[in-house]
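Engineer: After the sequence you'll find the predicted model.
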Amino acid sequence: MNVNAPGYRPHPGLIEDRARFTQLELWNCRAKHWGTDQIDPLDALEPGVALRMNGFQIETVSTLGEMTSNGKLVQVAGLIHRGDRIVQIASSRFSQVEQRFTAAHELGHAILHPNGALLHRDRPADTTGWQKDPTEREADFFAACFLMPGRQVHRWFRKFFLTDRFVLNDDTAFALCTKPLDSVLQRIRSHRDLSLTLARTISYNGQQFKSLSELFRVSPTAMACRLEELGLAFDPRASHRA
């Protein structure tokens, strides 16, 4: 099927394949881009390098202003100007990890939406009732797959939490929070609560480590969403209903 055809929406599997192919391109050319082939695979997940590899220049600017999207006022985090082959990233209101995710988002636009003349990543000033355009959701998913490859996330999750699917029970609650399950469930009440906790955690069962969000250089929220996409965190509401 022609991914460039008008109205075509790439399915998640195809988006993940495109992200994986881009990662392999970077890895195979790591000596060219980093001056050595002795680098950690996570260090090769650089959206800025991938954008330059695809012929785009990157400009960091203080602000890109605000615009109305689907009836909501949003802060623009990034813009891709396809005709000029320029990607602009706003810095004044966004952290380093947010800027990195935005660069990966714009990389997704460059690869998935070759016919879009001007595409942007935005942040809503008010998220109530707000939904992103499908192309923006696709670019976000590409960014998540690129920055947090499934195999690598599975590998480190298993190393840190000793499981392929985290379920809160008496043993795991104490290993995670050094508190009994009933006490932990008062704080971790939803799927997102648990995934955010796992994304931020720096110790488990007495072992210290970098948090997953720090290891992959993404926000805790981005990592939490990825853990949920990969099925690594089991919704505590499903097994602990009143």
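Structural biologist: Yep, that arrived.
Engineer: I'd like the distance from the helix or strand in which residue 50 is found to the chain centre, please.
Structural biologist: Assessed by DSSP states H and E, residue 50 sits inside helix 47-53. Helix 47-53 sits 16 Å away from the centroid of its parent chain (CA atoms, centre = their mean, to the nearest Å).
Engineer: Could you verify that residue 67 is part of a strand?
Structural biologist: Yes: per DSSP: H, G, I helix; E, B strand; the rest coil, residue 67 lies within a strand segment.
Engineer: sorry, back to before: same for the helix holding residue 50, what does it pack against?
Structural biologist: Using 3 or more CB pairs under 8 Å, 6 or more residues apart in numbering; DSSP states H and E, the elements in contact with helix 47-53 are helix 12-28, strand 57-61, helix 96-112, helix 134-147. Just so you know, the C-beta spots here come from the backbone N, C-alpha and C atoms, and that holds for glycine as well.
Engineer: Is it possible to get a markdown table of the ones you listed that adds mean neighbour count, distance to residue 231 and mean pLDDT?
Structural biologist: A markdown table is the format used below for these (neighbours: other CB atoms under 10 Å; distance: least, CB to CB, whole Å; pLDDT from 0 to 100):
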| stretch | mean neighbour count | distance to residue 231 | mean pLDDT |
| --- | --- | --- | --- |
| helix 12-28 | 16 | 14 | 95 |
| strand 57-61 | 13 | 34 | 93 |
| helix 96-112 | 24 | 22 | 93 |
| helix 134-147 | 22 | 14 | 92 |
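Engineer: right, and those - which one's nearest residue 197?
Structural biologist: With CB to CB as the criterion, residue 197 lies closest to helix 96-112 of these, at 18.1 Å.
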